[in-house]
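> no FASTA, just this:
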């Protein structure tokens, strides 16, 4: 395991607060106006695991082996929801948008944002080209393209070339998914002005444990690349605060596909991931105005 020069630490304002955990409904009164946060992202970015981390009653060390039973795969292209309680008795529903193109994806961006629900904001989950590869035709075609375009690579460079090409293709797919997501978000927010103007758009740079030694480069990519410029333009259009935050749901080796020679080992420990989760959750609370 590669040790980066500096491990994650809580920001002073978060470290100075009393410890907070995500709690369920026990002890809280009902809120008359439900609050919705949409959680979107390309397939395999870790949307379910991130939301499960937010909605655990008592957070301990993140355990990547406890994958959600309804994780996104070829047989489960439906929207999922998680309910969490913020301070000040604020009930928030996290609605996870399917990454795959489907009728349910369209419905989630539209029909699910019904009048009477306040759309607080959206979280777009990314992972800097370290997406899980699912057993789908689209992902199989992506793997074949990697193999085809690296067929002439010498043996000692095969793993490096596989990794480089795969991440290049995944980042391109992520860009396309972002564009689709932003167009759908814009349409749903324009159709439902009664839902209130969203306050924020967060980019969760997930799986930071896999590239912590280059995390600044990853964050810079999501702020200044074509991806970042598109986000900034969207934020200006809707008057949204755009925030890019590194996060990890727990260190886990990335083995994208058995046919590929590449893999990536985590650079952080579970305690480091918990620091990132705590910081991320605190930022989310702040955006919702409940800190």
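That came in fine, so what should we check first? Only a predicted model underlies this, so the values are computations on that prediction, with no experimental measurement involved.
> mind checking the SS state of residue 9?
On the three-state scheme (DSSP: H, G, I helix; E, B strand; the rest coil), residue 9 is labelled coil.
> Can you report how many residues neighbour it?
12 (other C-beta atoms under 10 Å). C-beta coordinates here come from the backbone N, C-alpha and C atoms, glycine included.
> ok, and the closest non-adjacent residue to it?
Leaving out its chain neighbours, the residue that sits closest to residue 9 by C-beta to C-beta, 6 or more residues apart in numbering is residue 275, at 6.5 Å.
> so what secondary structure elements neighbour whatever helix or strand residue 40 lives in?
In this assignment (DSSP states H and E), residue 40 forms part of strand 35-41. Secondary-structure packing of strand 35-41 (3 or more C-beta pairs under 8 Å, 6 or more residues apart in numbering; DSSP states H and E): helix 47-54, strand 90-96, strand 118-126, helix 158-191, helix 270-288.
> I'd like the mean pLDDT over that strand, please.
Strand 35-41 comes out with an average pLDDT of 84.
> and it with helix 270-288, angle?
Inter-element angle recorded for strand 35-41 and helix 270-288: 130 degrees (by axes from the mean of the first three to the mean of the last three C-alpha atoms, to 10 degrees).
> Parallel or antiparallel, which strands does strand 35-41 pair with?
strand 90-96 (parallel), strand 118-126 (parallel) (DSSP bridges).
> Looking at the residue nearest to residue 9 now. What's its pLDDT?
The per-residue pLDDT reported for residue 275 equals 91.
> Surely it and residue 208 touch.
No - using C-beta atoms under 8 Å, residue 275 is not in contact with residue 208; the gap is 10.7 Å.
> rewinding a little: kindly present the helices and strands packed on strand 35-41 as a markdown table, with separate columns for mean neighbour count and distance to residue 219.
As requested, the helices and strands packed on strand 35-41 are exported to a markdown table (neighbours: other C-beta atoms under 10 Å; distance: least, C-beta to C-beta, whole Å):
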| stretch | mean neighbour count | distance to residue 219 |
| --- | --- | --- |
| helix 47-54 | 24 | 17 |
| strand 90-96 | 20 | 23 |
| strand 118-126 | 24 | 10 |
| helix 158-191 | 18 | 14 |
| helix 270-288 | 21 | 12 |
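> right, and those - which one's nearest residue 254?
helix 158-191 (9.5 Å; C-beta to C-beta).
> Sheet-wise, list the partners of the next helix or strand after that closest one with their directions.
For helix 158-191, the succeeding helix or strand toward the C-terminus, using DSSP H and E, is strand 200-205. Sheet pairing of strand 200-205 (DSSP bridges) gives strand 118-126 (parallel), strand 241-246 (parallel).
> For the closest residue to residue 53 other than its chain neighbours, grab the count of nearby residues.
Distance criterion C-beta to C-beta, 6+ apart; nearest residue to residue 53, sequence neighbours excluded, is residue 249 at 4.9 Å. Other residues lying near residue 249 total 28 when counted by other C-beta under 10 Å.
> Check residue 6 too.
Neighbours of residue 6 (other C-beta under 10 Å): 9.
> one step back: comparing the strands paired with strand 35-41 by mean pLDDT, which bottoms out?
Among these, strand 90-96 carries the lowest mean pLDDT, a mean of 73.
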